[in-house]
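**Q** Sequence plus predicted model, see below.
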Amino acid sequence: MSNNECNPNITLIYEYAAQALKDLDLSINRLNTKLGVVLGFDAALIRFFSSLPDRSLAVNIDGLDISLECNFCLVLKILSYLALIISLIYCFLGFKPQTAGQIILPEELIEKCLDIPEEEYRLSILENWNHSIKELAKNRDKTADLFKGAIWALICAAILSAFDVILSSFLVK
């Protein structure tokens, strides 16, 4: 293949790789934002769950003080907290710094690429980007899995606390 035929293809691949890196970076930033929202919900729900009824409820019926035991309410509250803790762990693991690919310093490129054609220069950058794209995609997928786990744990915590509130309200009546 002559240089004239190779150059447009290398340029096209180079531009595609640059766009893929930008898209992956944007995707990771969006996931981090979503993890931050889940983290905020977790913190708010921990505060809310702390005000849920305890295992015993004191009720005054017609002048009589009656204490109702709700061991299951306590279990639900503990399970709710555990689900929130699991969600928090997923969030923190999602925020854990991750490396992806190597960074080629401009001085290295200058030293290596002054005497080579532009196509070879772009090819050397593409090789590095290819590795970075694979690593970033793997990191993004891992963060997405952690996000899904955090969401499911948050949903479980909300459901368990809802059961706790419902059960407690039946005992108070």
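**A** Great, that's in hand. Numbering: from 1, shown residues only.
**Q** Go ahead and confirm Asn32 touches Thr143.
**A** Yes. Asn32 lies in contact with Thr143 (C-beta atoms under 8 Å); the separation is 7.5 Å. C-beta coordinates here come from the backbone N, C-alpha and C atoms, glycine included.
**Q** More neighbours: which of those two?
**A** More crowded of Asn32 and Thr143, by other C-beta atoms under 10 Å: Thr143, with 22 against 14.
**Q** what's near enough to touch that one?
**A** The contact partners of Thr143, by C-beta atoms under 8 Å, 6 or more residues apart in numbering, come to Ile28, Leu31, Asn32, Leu35, Gly94, Gln98.
**Q** element containing the residue positioned nearest the centre of the chain?
**A** The structure's the chain has its C-alpha centroid closest to Phe147; by C-alpha atoms, centre = their mean the separation is 3.6 Å. Assessed by DSSP states H and E, Phe147 sits inside helix 118-172.
**Q** packing partners for the host helix or strand of Leu12?
**A** Element membership for Leu12, per DSSP H and E: helix 3-49. In terms of contacts (3 or more C-beta pairs under 8 Å, 6 or more residues apart in numbering; DSSP states H and E), helix 3-49 is packed against helix 71-95, helix 118-172.
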